[in-house]
Structures are given as C-alpha cells and as structure tokens.
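Enquirer: Here is a sequence together with a model predicted from it:
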Amino acid sequence: MITYQTHIKDISPSQLEGFFVGWPSPPDAEKLHAILSNSAFICLALDNDKVVGFVNAISDKVMSAYIPLLEVLPPYQGRGIGKRLILELEKQLSELYMIDICCDDNVAEFYQKLGYTKVNGMIKRNYKAL
Ligand SMILES: CC(C)(COP(=O)(O)OP(=O)(O)OC[C@H]1O[C@@H](n2cnc3c(N)ncnc32)[C@H](O)[C@@H]1OP(=O)(O)O)[C@@H](O)C(=O)NCCC(=O)NCCS
C-alpha cells in the first residue's frame with residue numbers, strides 16, 4: 001500500500017535513491033534530501049520505507065508557489081501516484097493565488113487533466129550547477 005506524508009522529518013537520504021531518471025547529471029540522494037528539506041511544501045509517496053514519488057513547492061507563503069519537481073519512480077508510474085501527489089500538495093497551497101509549473105510537452109496533458117493551463121514560459125538554466 002502506498003502512503004503519503006507532507007514532511008521529511010523521519011526520512012533519510014538512503015530512502016530517496018533512484019530519482020532523476022534520464023538526467024545527464026542527476027542530483028544524488030543527499031541533494032534530493034536537501035531539496036526536500038529546504039522546500040516550503042512537499043508530499044512524499046512511500047511504499048513501506050522507500051520513497052517512490054515526491055513533489056515539492058517553493059513559495060512566498062502569501063501569494064505564489066512554484067512546483068519545480070515531481071517524479072514517480074518508473075515501476076510505480078500509471079497508478080495514480082503522480083496525481084495524488086499534486087492533489088496533496090495543492091491542499092497545502094489552497095490559500096495561495098498562483099501555482100506555477102514548467103514542464104515538457106509530453107507531460108502537459110497530465111497537468112491539464114488536473115486543471116492547469118498552458119501558457120508561455122521563459123527559463124534560464126545553469127547546467128554547471130548540477
Ligand atoms: C509525470 C508523472 C509524475 C506522472 O505520474 P504517474 O503516477 O505516472 O501519473 P498518474 O498515474 O497519477 O496519472 C494521472 C492521470 O494522468 C495521466 N498521465 C500520466 N502521465 C501522463 C503523461 N505523460 N501525459 C498525459 N497524461 C498522463 C494518466 O493517464 C492519468 O489519467 P486518468 O486520471 O485519466 O486516468 C510520471 O510519469 C513521472 O514521474 N515522469 C517522469 C518525471 C516527470 O516528467 N515529471 C514531471 C516534471 S514537470
């Protein structure tokens with residue numbers, strides 16, 4: 001059974017292995033632990049002790065939140081976990097005016113099904129920082 005939690009208190013980096021699938025320079029589990037620890041809001045999906053999906057939001061906690069990362073481990077995809085992670089995160093963001101996400105074309109429909117609208121986006125990346 002998959003369980004969900006909105007904090008990282010009892011989670012160690014060893015429970016966060018296997019993410020950033022397909023990234024040329026994937027951040028390691030320690031970095032992911034730091035990302036989640038420093039985020040304003042998170043939700044984790046766990047299969048027993050192993051984290052199998054996560055989402056995070058950075059936020060001013062007044063008006064805006066940005067969702068930089070959402071990932072479900074490949075063997076767990078297609079089971080409603082990604083959708084549930086977004087819905088659990090949105091519960092924490094319910095008082096905010098704007099929730100923004102940048103995504104590739106191949107995931108746009110996933111977000112559209114959850115009520116998100118396509119807009120133009122501008123990004124800048126520092127690949128040396130990974
Ligand atoms: C995108 C991702 C998080 C989806 O998670 P998931 O657990 O497989 O998705 P779910 O099973 O919750 O799917 C929910 C719904 O979205 C649909 N869906 C899932 N992925 C989709 C996609 N890439 N394109 C279109 N629809 C998609 C499902 O069919 C399902 O539809 P339904 O409610 O009509 O049955 C997952 O595929 C993933 O981790 N991908 C790699 C990382 C990534 O691309 N993250 C997004 C970064 S912005």
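Expert: Received the coordinates, thanks. Since we're looking at a predicted model, the values are computed, not measured.
Enquirer: so where does the closest residue to the ligand within the chain fall, helix or strand?
Expert: Across the chain, the shortest distance to the ligand (CB to the nearest ligand atom) belongs to Gly82, at 2.3 Å. The way it works is simple: take the backbone N, C-alpha and C, and place the C-beta from them, glycine included. Counting by DSSP states H and E, the element that carries Gly82 is helix 81-92.
Enquirer: For that helix, which outside residues touch it?
Expert: Applying CB atoms under 8 Å, 6 or more residues apart in numbering, the set of residues contacting helix 81-92 from outside is 2, 4, 6, 41-43, 45, 52-55, 57, 67, 70, 72, 99, 110-111, 113-114.
Enquirer: rerun at 10 Å
Expert: 2, 4-6, 40-45, 47, 52-57, 59, 65, 67, 70-73, 76, 80, 96, 99, 101, 107, 110-111, 113-116 (CB atoms under 10 Å, 6 or more residues apart in numbering).
Enquirer: now swap in stretch 114-130 and tell me
Expert: Contacts of stretch 114-130 from elsewhere in the structure, counted by CB under 10 Å, 6+ apart, are 20, 23-27, 31, 67, 82-83, 86-87, 90, 99-103, 105, 108-112.
Enquirer: per-residue confidence for the residue most central in space within the chain?
Expert: Closest to where the C-alpha atoms of the chain average out (CA atoms, centre = their mean) is Val55, at 2.0 Å. Model confidence at Val55, given as pLDDT, is 99.
Enquirer: now swap in the one 4 residues further on and tell me
Expert: In the predicted model, Ser59 carries a pLDDT score of 98.
Enquirer: same thing with Leu130?
Expert: The score at Leu130 is 87. That number is its pLDDT.
Enquirer: mind listing the helices for the chain?
Expert: 29-38, 81-92, 105-113 (DSSP state H).
Enquirer: Give me whichever of the ones you listed is most buried.
Expert: Mean neighbour count, computed with mean count of other CB atoms under 10 Å, is highest for helix 81-92 among the helices of the chain, reaching a mean of 18.
Enquirer: tell me how far that helix is from the chain's mean position?
Expert: 9 Å (CA atoms, centre = their mean, to the nearest Å).
Enquirer: One more: stretch 74-88?
Expert: Once both centres are worked out by CA atoms, centre = their mean, stretch 74-88 turns out to sit 10 Å from its chain's centre.
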